[in-house]
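Chemist: Next comes the sequence, and after it the predicted model I'd like to discuss.
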Protein chains: 2
Amino acid sequence: MSSAKPSLELLRSLTDEHVLRAVMERGRLTRTEIASLTGISKPTISDSVRRLTEAGLLVDTGERTTGRGRAGSYYSLSEDCGSALVCSITPHGVLGEAVDAFGRVLSRSHAVLDRAAGRERAADTLAEVAARAPGGVRCAVVSAADPVDRRTGRLVQLPDVPFLVGDLDPVSILSRSIEGPILVDNDVNWAARAERQGGCAEGVDDFVYVHLGEGLGCAVVNDGDVRRGHGGLSGEIAHLWTEGPDGAALPLTEVFAALGLRRDGSTAIDVEALQKFLDADDAEAARVRTALARAICGVLSAAVTLVDPRLAVLGGPWGAHPAMLAVITEQFATCARSIPVVAATVPEPELAGARAHAVEDLRALIIGS
Amino acid sequence: MSSAKPSLELLRSLTDEHVLRAVMERGRLTRTEIASLTGISKPTISDSVRRLTEAGLLVDTGERTTGRGRAGSYYSLSEDCGSALVCSITPHGVLGEAVDAFGRVLSRSHAVLDRAAGRERAADTLAEVAARAPGGVRCAVVSAADPVDRRTGRLVQLPDVPFLVGDLDPVSILSRSIEGPILVDNDVNWAARAERQGGCAEGVDDFVYVHLGEGLGCAVVNDGDVRRGHGGLSGEIAHLWTEGPDGAALPLTEVFAALGLRRDGSTAIDVEALQKFLDADDAEAARVRTALARAICGVLSAAVTLVDPRLAVLGGPWGAHPAMLAVITEQFATCARSIPVVAATVPEPELAGARAHAVEDLRALIIGS
DNA sequence: GCATTTGGGCAACACTCCTGACTAAACTGG
DNA sequence: CCAGTTTAGTCAGGAGTGTTGCCCAAATGC
């Protein structure tokens, strides 16, 4: 809680941190530019840059400023700073990216998986991306399309949640090919973070992100961060009690069963069948849409009551569909304590959120070394 | 986000902060004791103590150590550091306390209010406590038994929440008699903080605290802090949909209406009538208890789904009643994803929580000056 | 009364950052 | 092409930290 023990070493490390952060943010800088950016004096910056260069963290890129006056030397991060691995695991396949501390995607690889041979192929695909990454992979961030145990990083089975990927342990798969911290979280949580950083919820400290796809999920953002709860299972709304088609109380996932919108032999939602009702214009379709909207409104009402968001974001294959948004907005407006409802805007949201976090983690590791 | 600009002044202020925190925690200390406690060298501590004494924050108490070796001088906080005001506002009255930076209660005053003459009496009572406080009041923390608007600190009216205290603005009342920051929050939130600091939820980072009294409230603690939501209205569960006595979906507060447990002409719960059902042993009482428990379980289930707590704490006049706890525990165990349910243990919980925060605020103000 | 023990002060040192002046190296304009 | 201008980077001196090691002061215990 209390700040670190005061010492001259602390002061020096603080200076180095300022220098590194400035370079990470701007890509390349001269010492004078760093000084004016950080407000620290030129001689101090020169000292710090010398230290960091000797430590192998910064390099003189050889580039020079042009324009009036003496040319300055640009410094940037060394290649040795390494990179971070970003992974997405869904029932449809595995995607791996290597990113550097500037957030640039260095390489990308994808593998389509089937249920049986999945695990080994996934490990191989990710190991291959890791091997290609210059400077080595120093940390990894994983987005998984299933509930994630917060402590272990394993995917967990919950009642009434369709289990899509299998009893998988991303941490053990990744620790074969990389060392360093591995963070696993649910894809919906990453999507919410992405919307907060540069999407429809930019800068909003309190909102909920409801993902409507084959599975049902919800991310809760409170005081500026996704709140995962004790086990990491906050927002697993499939089992939440809401209003069914006939007005009776039903768990959310059962509403889809009652409407005949589940895949055979699974608790997964039949998105294609559902989509038809969103595009059609007959009375039957309108009835289904209203029933869906009222069920979703039950979820939103519970969220408003318990976490008081300023905004609700709808995402996922059919959540961001205009027809769905329209009918939910209409229904929700009739509820007490209604809040604005908007559609998600970030493409590949779960990847964007995970990537941003991977960059932050990597930067922190570089600064801490 | 990034740390403060490195400078020698920062270093000095960090040292002073360490010294002040050590003295605040232990009451009185010699310079040598401070040095060994903080790990900072003796000459540095001596310098800092001299600075802080000259600034009027520390004083030589005149006391001396006894035992072997040379006697050391004890230093402690000066009286000029001021105190903090802790207030509780309920429909039954106003309570004011002055506390010092050590957390000692210096004075206390209480006023019973009626609806009409309340506001002026409340202001006078609090002003009196403030006037008696040595060194002046530098900040205030208020616990209010109604929903609190997070930005303005005003009490707000919500649908189906009994409005007990009136459209009150604690900030404007208090700013007459004190200067400095005033923090207002709901009593249930303060109670939850108290349970986390030294009660049945000690050290638990994720739990919910459900208050069952005349009103219904819930505090959501996530990642170690009470999450108030955008407007400060998270946990206002009166309107949350749950299971009614006959199995139909009902807003929680309507369950009490259906059971005849509301006060006449109010949405407040008739606690005395309810208490009889908790103490009685007949079939009718058992039926009511079960109906109440199932309604509460609906709330707990929604909380588990949305915020994934590790623990549920029951508090309030009838929430912590053994019979209530027993029947809720029993009913909740049959739900999917059940979690432990325990009774609150801290006496005067809303005051304890507010007091602890007031001490923290006061300490921060002293350190910052 | 003397040895022991502990609090506190002093001086020297190492280190960090800053200011102000200086040098170095590029461009600009005649 | 050369002097003037402009900008990058360095140097020297100084102020202010925190630390170590040693000393003195003052209390207890025998």
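Modeler: Ah, there it is.

Chemist: where are the low-confidence patches of the stretch 51-200 of chain A?
Modeler: Low-confidence segments of the stretch 51-200 of chain A (pLDDT under 70): A:114-118, A:159-167.

Chemist: The one helix or strand A:R21 maps to vs chain B: in contact?
Modeler: When secondary structure is defined by DSSP states H and E, A:R21 falls within helix A:8-26. Yes: for a cut-off given as Cβ under 8 Å from any Cβ of the partner chain, helix A:8-26 has contacts with chain B, namely A:L8, A:L10, A:L11, A:R12, A:L14, A:T15, A:E17, A:H18, A:R21. The way it works is simple: take the backbone N, C-alpha and C, and place the C-beta from them, glycine included.

Chemist: Touching, the fifth one and B:S3? I think so.
Modeler: Okay, so that is A:L14. Yes: between A:L14 and B:S3 there is a contact at 5.7 Å, judged by Cβ atoms under 8 Å.

Chemist: Can you pick out the residue with more neighbours from the two?
Modeler: Each of A:L14 and B:S3 had its neighbours counted (other Cβ atoms under 10 Å in any protein chain shown), and the higher figure belongs to A:L14 (21 against 14).

Chemist: need the helices for chain A, in chain order.
Modeler: Along chain A, the stretches classed as helices by DSSP state H are A:8-26, A:31-38, A:42-54, A:118-132, A:170-175, A:187-198, A:252-258, A:271-279, A:283-307, A:322-333, A:349-367.

Chemist: Now render these as a markdown table, adding distance to DNA strand D.
Modeler: Putting these into a markdown table (distance: least, Cβ to the nearest atom of the strand, whole Å) gives the following:
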| stretch | distance to DNA strand D |
| --- | --- |
| helix A:8-26 | 6 |
| helix A:31-38 | 4 |
| helix A:42-54 | 4 |
| helix A:118-132 | 33 |
| helix A:170-175 | 39 |
| helix A:187-198 | 31 |
| helix A:252-258 | 57 |
| helix A:271-279 | 56 |
| helix A:283-307 | 43 |
| helix A:322-333 | 50 |
| helix A:349-367 | 22 |
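
Chemist: Compare these and say which comes out lowest on pLDDT.
Modeler: Lowest mean pLDDT within these: helix A:118-132, a mean of 85.

Chemist: Relative to the whole chain's centre, how far out is it?
Modeler: From the chain centre to the centre of helix A:118-132 is a distance of 21 Å (Cα atoms, centre = their mean, to the nearest Å).

Chemist: who does it touch, helix- and strand-wise?
Modeler: Applying 3 or more Cβ pairs under 8 Å, 6 or more residues apart in numbering or on different chains; DSSP states H and E, one finds that helix A:118-132 contacts strand A:83-90, strand A:93-99, strand A:105-112, helix A:170-175.

Chemist: contacting residues around the third one?
Modeler: With Cβ atoms under 8 Å, 6 or more residues apart in numbering or on different chains as the contact definition, strand A:105-112 has outside contacts at A:83, A:92-100, A:121-122, A:124-126, A:128-129, A:132-134, A:355.

Chemist: List only those of those residues flagged as buried.
Modeler: Neighbour counting over the contacts of strand A:105-112 (16 or more other Cβ atoms under 10 Å in any protein chain shown) leaves A:83, A:93-100, A:121-122, A:125-126, A:129, A:133, A:355 as the buried ones.

Chemist: Quick check, the residue in chain A closest to DNA strand D?
Modeler: Using Cβ to the nearest atom of the strand, the single residue of chain A nearest to DNA strand D is A:G69, 2.0 Å away.

Chemist: From DNA strand C, how far off is that residue?
Modeler: Between A:G69 and DNA strand C the computed distance is 5 Å (Cβ to the nearest atom of the strand, to the nearest Å).
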